[in-house]
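[1] Sharing a sequence plus its predicted fold:
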Amino acid sequence: MRDLYKVYLKSRSIDEEKLTKFGFKKDKEKYIYKKEIKDGEFVVIIEVDKKKAISKVIDNFDESEYALVDVEESSGQFVGSIKEKYEEVLEKFVEKCTYLDNFKSQSAKKIISYVKEKYKDELEFLWDDYDGAVFRNKDNKKWYGVIMKVREKSFVTSTLKRMKTDGVISNHPILNKKEYSDDDYMEVLDLHIDKEKSKKLIDYETIFPGYHMNKDSWITIILDKNTKLKETYKLLDDSYLMTVKSGAYIVPSNINMFDVISYVESNKRFVWYKQPKEMKVGDLVFIYVGAPYSQILYKCVVTKVNMQVYSNRDMELELIKKYKNNEYTYNFLKEHGCSFIRTPRSIPESVAKLLK
C-alpha cells in the first residue's frame, strides 16, 4: 500500500469535483477508483477520503495485494513491468484530479480565490521547487503578485537589517522570536506598488519592503492569521492596475533637433512621426520635451492613426492641455516607474491618472 500524500501530494490537493469525471465511484465518505493492468491480471485501486489517499495493486488471481510494487528494492522484469503500469495510473490520477497547492495559510488561499474570481488568473509556478508562484496579467504577462514560501530566519535577518538602517522598530511577533530554525518557513505576498505610495505604506507591522524584489517599487505582506485581507485586496487591485494598458503613452522629443514647442503650440492638430503599432484613435499622448526642459509639457489625444506623411505609420494629435513649468518633471516620472523615455512607451493606468 502506498500513501499518496507522502509520494505525490506533498504540494498538491485533490479536486473532488474531478474524481467522478476520472472514474471514481463514491462509497459513503470514500472515493474508490479501479483500473485493470497487465491484461486484467492485476488491478490498481486508489482510495480517497478527507483524511488520506492510498493506492495498492491487487493480484486478481487470488485477490491478494501485490506488495512488491511498493518495495523500492524489488527488481526483475515482471515486477518492473507492473510497477511501470502502476506508476502510469498514479501519474494520470495526479494530473487529472489534483492541483498544485503549496501554500497552506488561509490568507494565501483566500487571496488565490480572490484573484481567480475577479481577474480569472491562476497562480503560475515558474520555478521547479514550487516554493514561489506568480499572478500575471493574461494580456501582457506582467507580474502583479508573487506568493512565496520563504525561510523565516532569512526574512527576519533581512528585515531587521533594513529596520536598523531606517531607524525603526516593530512589534510583529515574527520579528521578536527568541530563536529561529532553518526548518521554519512562512508565506508572504509581494505586490507591485507606486514608489511614493510604498514609502507611506511600509510600517514593518503589516507591510514590509519587497522581499526578493525591488524594495522601492514592491512591498511584502506576511500571510498569516493577522493578515488584513480587505486592505490586501485593495493593494492587490492597485498592483494589477499597474499592469493594465491605460491607452496612454509618453512620447519623447529633442528640442535641440526640432522646435517642438512652436510646432505644437501653433497647430491645434498636428502630425507626429512614427506612432506605436498598438496606438488607436482616442488614446492619450503626453509629449515629453528633453533637456533643458526635461518634463512633460503637453497632453494630446490621438485623432488619426496609420497615416503616411513622414514615415509608413504616423499619427495625428490634438492638443488638449499645456502643463505648467516643472509640473511633471523627469524626477516625477522616475519616482513613478517611468524613467526610460527615450522611445515612445505606454504608461500604467495608475500613472496616467496622475497626469491630470
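    Noted; the coordinates are in hand. Numbering: from 1, shown residues only.
[2] how much space between residue 64 and residue 43?
    Residue 64 sits 12 Å away from residue 43, going by Cβ to Cβ, to the nearest Å. Bear in mind the C-beta positions are built from the backbone N, C-alpha and C, glycine included.
[3] Look at those two and report which has more neighbours.
    With neighbours defined as other Cβ atoms under 10 Å, residue 64 and residue 43 compare such that residue 43 has more, 18 against 9.
[4] Now do the same for the more buried one: its pLDDT.
    Per-residue confidence (pLDDT) for residue 43: 97.
[5] what's whichever strand or helix holds it packed up against?
    Assigned by DSSP states H and E, residue 43 falls within strand 42-48. The elements that strand 42-48 packs onto, with contact taken as 3 or more Cβ pairs under 8 Å, 6 or more residues apart in numbering; DSSP states H and E, are strand 30-37, strand 53-59, helix 77-97.
[6] What strands line up against it, and which way round?
    With DSSP bridges as the test, strand 42-48 is paired with strand 30-37 (antiparallel), strand 53-59 (antiparallel).
[7] Let me have those in TSV, adding mean neighbour count as columns.
    Shown next, in TSV, are the strands paired with strand 42-48 (neighbours: other Cβ atoms under 10 Å):
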stretch	mean neighbour count
strand 30-37	16
strand 53-59	18
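[8] Any chance of JSON lines for those, columns mean pLDDT and distance to residue 134?
    Output for the strands paired with strand 42-48, formatted as JSON lines (pLDDT from 0 to 100; distance: least, Cβ to Cβ, whole Å):
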{"stretch": "strand 30-37", "mean pLDDT": "96", "distance to residue 134": "32"}
{"stretch": "strand 53-59", "mean pLDDT": "95", "distance to residue 134": "28"}
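[9] export these to TSV and tack on distance to residue 283?
    Converted to TSV, these look like this (distance: least, Cβ to Cβ, whole Å):
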stretch	distance to residue 283
strand 30-37	53
strand 53-59	53
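[10] So what does residue 152 have for phi and psi?
    Backbone torsions for residue 152, taken as degrees, to the nearest 10, come to phi -50, psi -40.
[11] Leaving out the residues flanking it, which one is nearest to it?
    Leaving aside its chain neighbours, residue 152 sits nearest to residue 184 (4.3 Å; criterion: Cβ to Cβ, 6 or more residues apart in numbering).
[12] That neighbour contacts residue 153, doesn't it?
    Yes - look at residue 184 against residue 153 with Cβ atoms under 8 Å: they come within range, at 7.0 Å.
[13] ok, those two, which is more surrounded?
    Higher neighbour count among residue 184 and residue 153: residue 153, with 17 against 13, using other Cβ under 10 Å.
[14] Run a quick neighbour tally on the closest residue to the more buried one other than its chain neighbours.
    Counting by Cβ to Cβ, 6+ apart, residue 153 lies nearest to residue 180, which is 4.0 Å off, once chain neighbours are set aside. Neighbour count for residue 180, taken as other Cβ under 10 Å: 15.
[15] how about residue 180, what does it touch?
    By Cβ atoms under 8 Å, 6 or more residues apart in numbering, residue 180 lies in contact with 152-153, 156.
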